[in-house]
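1. Quick one: sequence plus predicted model below, questions after.
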Amino acid sequence: SFRRADRLRGIELSEIVQISEQAARLKAQGVDVVALSTGEPDFPTPEHVIKAAHQAALAGQTRYPATAGVPDLRAAIAEDAGVQSQNVIVSTGAKQVLSGALMATLDPGDEVITAAPFWTSYADMVRLSGGIPVVLDCPVSQGFKLTPAQLEAAITPRTRWLLLNTPANPTGAVYTESEIQALGRVLDRHPNVWVISDEIYQHLTYVPFTPFVQAVPHLADRVLTVNGVSKAYSMTGWRIGWGIGPSPLIKAMIAVQGQITSGACSIAQAAALAAITGPQTLLGERLQAMRARRDLVVAGLNAAGLECAVPDGAFYVFPKTPAEMPVDHEFCRYLLDEVGVALVPGRAFGLPGHLRLSFAYATESLQEGLRRISVATARLK
Ligand code: PLP
C-alpha cells in the first residue's frame, strides 16, 4: 500500500490553496461566493511583457536555459542590486528560491527562526528540508514584528537562518531601517546565523521601504534577499523569482536547482526581463489603487466589528475574529456558509484568532465582500 515519506509528516496542501480551490469549486457549481482569499493581484500582466514573451518564443528562446538563469536577466537583477551575476540565481518563483536555499543548507535538526504570523509555506519548507522551524509569536501589540530580544533568546548553536519577510504576508508589517539595524546588532553577536529576507512585496509598500541588506550592509556576506515578478508585475503564473546573496550560497543553490528543475522557463525569463527593464510607471499606479483598496477594507472591517490595523505594505489585512466567534476557522466556515465570503483563518499563518483578507481584488468585489461580512457579524450579535 502507499506509504508517504517521514519528512512529509503533517505536511498538506497549504490551507490558503485549499480554501481558494474550494471557493472556485463552489463558484463553478453556481454558488455566489466572494473569494478574498488569494494573494494574487487582479491586474493583468502588462502588455509589453506579454509581447516580449511572444518574441522570445518566436526567436527560438525555447531550449534549456542556463541553470542559474539567462545571462541577460541575471545581469539586470545584479546591476539593480549593485552586485555581480554570480550573486544571483533565477528560479521558478520566489518559492523555489526559498526552498532551494533551505535544501542547500539545512542538515537534519538545524533550526530556522521565523516570526509568526508567517507566510504558510515557510514552516513546511523548513520541515521538508529536514530542519526545525522555530516560530516566535509576534502579536499585533508589537506590530506583528520580531523584536531583538526575541531573536536573541531563540538563537541556539543549531540556528542556521533567520527567515524574515518584509513587507509581510499576512500582516503587511514593514520593518523600518532602525528595526533592521537592531536585529542586526543581535546577528553581529552570532556570526553563524544567516538571514533570508523575503522582499517579494517590496514594490507594494505604503511607507518608505528599506531592504534588509541596505540597512545592515556589513552583513551582506550572510544575507539572501528574495524577490520576483509575481506580485509587483501581476505575473504569478509566469513563475519567476530570484535570490541575491553570497556566491558560495548561490552556487550551492544552483547545484540543487540543476538536479530538480534545471533553469526556470526561458520564455518566462524573457518576460521577467521586460518587466524589470521596461517602463516602471505602472508600479506607482497600481500601488495607488491598492492603497485606496486598503483604506476601504480597513474602514469596512472595523465598522463591521472586526478590529483591524492598517497595514504598511503588501495587500493583506489581518483583523481579529469577533468576540462572539473567536475561533478563526469556525468564523471562516461561518462566513463561507452564511454569506459566501472566503477568507483564510489565522491558524494557517501560525496566529489563531485572526483572519487574512486579501484586498488584491476589484473594488466592487471588496465592497460586496465587506457588505456580506457586516451582515454576518450583525447576525452574531
Ligand atoms: N513569499 C511570500 C511572502 C509570498 O506571499 C509569496 C506568495 O504568496 C511568495 C513568496 C511566492 O512568490 P512566487 O510566486 O514568486 O513563488
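-> Here it is on my side, so go on.
2. Show the backbone phi and psi for Val195.
-> Note on Val195: backbone dihedrals following degrees, to the nearest 10 are phi -130, psi 130.
3. check contacts around whatever residue of the chain ends up closest to the ligand.
-> Nearest to the ligand in the chain, going by Cβ to the nearest ligand atom, is Gly93, at a distance of 2.6 Å. C-beta coordinates here come from the backbone N, C-alpha and C atoms, glycine included. Contacts here follow Cβ atoms under 8 Å, 6 or more residues apart in numbering; on that basis Gly93 touches Gly228, Ser230, Arg239, Ile240, Gly241.
4. which SSE is the most centrally placed residue in the chain in?
-> Centroid-nearest residue in the chain, with Cα atoms, centre = their mean: Asn169, separated by 5.3 Å. For Asn169, there is no host helix or strand (DSSP states H and E).
5. show me the contacts for it.
-> Contacts of Asn169 were listed using Cβ under 8 Å, 6+ apart, and they are Gly39, Trp119, Tyr201, Ala314, Tyr316, Phe349.
6. tell me the mean pLDDT for the single longest helix found in the chain?
-> Of all segments of type helix in the chain, defined using DSSP state H, the longest is helix 281-303. For helix 281-303, mean pLDDT is 96.
7. Other residues contacting it?
-> In this structure, residues lying in contact with helix 281-303 by Cβ under 8 Å, 6+ apart are 41, 43, 46, 203-206, 232-234, 308-311, 315, 317, 319, 357, 359-361, 363, 366-367, 370, 373-374.
8. Inside strands: which ones of these?
-> Counting by DSSP state E, the contacts of helix 281-303 place Val317, Leu357 in strands.
9. what about burial for the contacts of helix 281-303, which qualify?
-> Buried subset of the contacts of helix 281-303 (neighbour count, 16 or more other Cβ atoms under 10 Å): 41, 46, 203-206, 232-234, 308-309, 311, 315, 317, 319, 357, 359-361, 366, 370, 373-374.
10. State the distance from Gly369 to Ala53.
-> Distance of Gly369 to Ala53, given as Cβ to Cβ, to the nearest Å: 33 Å.
11. Also Leu343?
-> Applying Cβ to Cβ, the value for Leu343 to Ala53 is 34 Å.
12. Please identify which of these two sits among more neighbours.
-> Higher neighbour count among Leu343 and Ala53: Leu343, with 26 against 22, using other Cβ atoms under 10 Å.
13. residue contacts, the residue lying closest to the more buried one once chain neighbours are set aside?
-> Spatial nearest neighbour of Leu343, chain neighbours left out: Leu355 (4.7 Å); criterion: Cβ to Cβ, 6 or more residues apart in numbering. Contacts were defined as Cβ under 8 Å, 6+ apart; by that measure Leu355 touches Leu306, Phe318, Pro319, Lys320, Thr321, Asp328, Phe331, Cys332, Leu343, Val344, Pro345, Gly346.
14. Pro246 contacts Asn87, doesn't it?
-> Yes - if you go by Cβ atoms under 8 Å, Pro246 and Asn87 touch, sitting 7.0 Å apart.
15. At the contact with the ligand, which residues of the chain appear?
-> 39, 93-95, 119, 165, 169, 198, 200, 228, 230, 236, 241 (Cβ under 6 Å from any ligand atom).
16. Among these, which lie within strands?
-> Under the assignment DSSP E, the residues of the chain next to the ligand contribute Asn165, Asp198, Gly228, Gly241 to strands.
17. most surrounded residue in these?
-> Among these, the one with the most neighbours (other Cβ under 10 Å) is Gly228, at 30 neighbours.
18. any idea of the pLDDT on that one?
-> pLDDT, Gly228: 98.
19. which residue sits closest to it, ignoring its sequence neighbours?
-> With sequence-adjacent residues excluded and distances taken as Cβ to Cβ, 6+ apart, Gly228 is closest to Gly241, at 3.0 Å.
20. The one you found against Gln96, yeah?
-> Yes - counting by Cβ under 8 Å, Gln96 is a contact partner of Gly241 at 6.7 Å.
21. For Val256, see how far away Thr114 is.
-> According to Cβ to Cβ, Thr114 stands 20 Å off from Val256.
22. the more surrounded of the two?
-> Neighbours were counted for Thr114 and for Val256 using other Cβ under 10 Å; Thr114 has more, 25 against 21.
23. Give me the secondary structure label for that one.
-> What DSSP: H, G, I helix; E, B strand; the rest coil gives for Thr114 is strand.
24. which residues does it form a beta bridge with?
-> Val135, Leu163 (DSSP bridges).
25. what's the distance between it and Ala299?
-> Distance, Thr114 to Ala299, using Cβ to Cβ: 31 Å.
26. hey, where'd the helices end up in the stretch 101-250 of the chain?
-> Remark: helices assigned in the stretch 101-250 of the chain by DSSP state H, counting those that start in this stretch are 121-128, 148-154, 177-188, 212-215, 247-260.
27. Sort out which residues of the second one are buried, please.
-> Burial within helix 148-154, assessed by neighbour count using 16+ other Cβ under 10 Å, is assigned to Gln150, Leu151, Ala154.
28. how close does the second one get to Asp80?
-> Looking back up the chat, that one is Leu151. In terms of Cβ to Cβ, Leu151 sits 29 Å off from Asp80.
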